[in-house]
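below is the sequence, then the predicted model.
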Amino acid sequence: MWEFGRVDSLEPEAIGEPGDRQFRVRVVAGPKTASLWMEKEQLAALSLALRRLLEQTKDIEEPLEPEPFLNTGAFPAEADVDFKLSRLGIGHDEAGTAVSIFAYDMDVAEDDSEASPTFSCQVTRAQSRTFAERAEEIVSAGRPVCVLCGGPIDASGHKCLRRNGHSERFVSLG
């Protein structure tokens, strides 16, 4: 188990072109670094969960000025911790000033509710808010989604399953 404690930086990142992107969260805590690889849906779900947690605990006093991420310089080519996660969890301390993020490696069985997380870190409420905003920007920068079936629409069009794939008309970007 890697426990990073309070982090200096928590950054979502998409690598590649829409339709062929990989997603990760880059974590920096002092000299320690981590790359947590995930699916686009997991990044979107983490962003949504953080927003909900912040909304549910909004009565907690926060500093008026948002706390910026520290400029940690270039992220190393090889992080100290590097794995593809299977699931995520979040929580907060009793005072509500720190948000904890828990990540489980793919090697941990999905149904093993007793397993300890592979990685954990804590971020401030302001860092959580900034992360959620950036993650939402990254997720929405991908391919548009079909309003009928929820599938991605490529530049060449999309045969919608809701239309049984038989329609000659393609759902397109324009």
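Sure, I can see it.

A45 sits in which helix or strand?
Assessed by DSSP states H and E, A45 sits inside helix 40-56.

using CSV, write out every CA atom in the very next helix or strand once past that helix.
Elements were assigned by DSSP H and E; along the chain past helix 40-56, the next helix or strand is strand 81-92. Output of strand 81-92 as CSV, limited to C-alpha atoms (Å, rounded to 0.1, in the frame of the first residue of the first chain):
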residue,chain,number,x,y,z
VAL,A,81,3.9,4.3,-8.4
ASP,A,82,2.4,3.3,-11.7
PHE,A,83,-0.6,1.0,-12.1
LYS,A,84,-4.0,0.6,-13.8
LEU,A,85,-6.7,0.8,-11.3
SER,A,86,-9.9,-1.3,-11.1
ARG,A,87,-11.9,0.9,-8.7
LEU,A,88,-11.8,4.1,-6.7
GLY,A,89,-13.1,5.3,-3.4
ILE,A,90,-13.3,8.7,-1.7
GLY,A,91,-14.0,10.0,1.8
HIS,A,92,-13.4,13.0,4.0
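
contacting residues for the residue minimising distance to the centre of the chain?
Central residue of the chain (Cα atoms, centre = their mean): L43, 2.7 Å from the mean position. Neighbour list for L43: P12, F23, V25, A135, I138, V139 [criterion: Cβ atoms under 8 Å, 6 or more residues apart in numbering]. Quick note: C-beta positions are derived from backbone N, CA and C, even for glycine.
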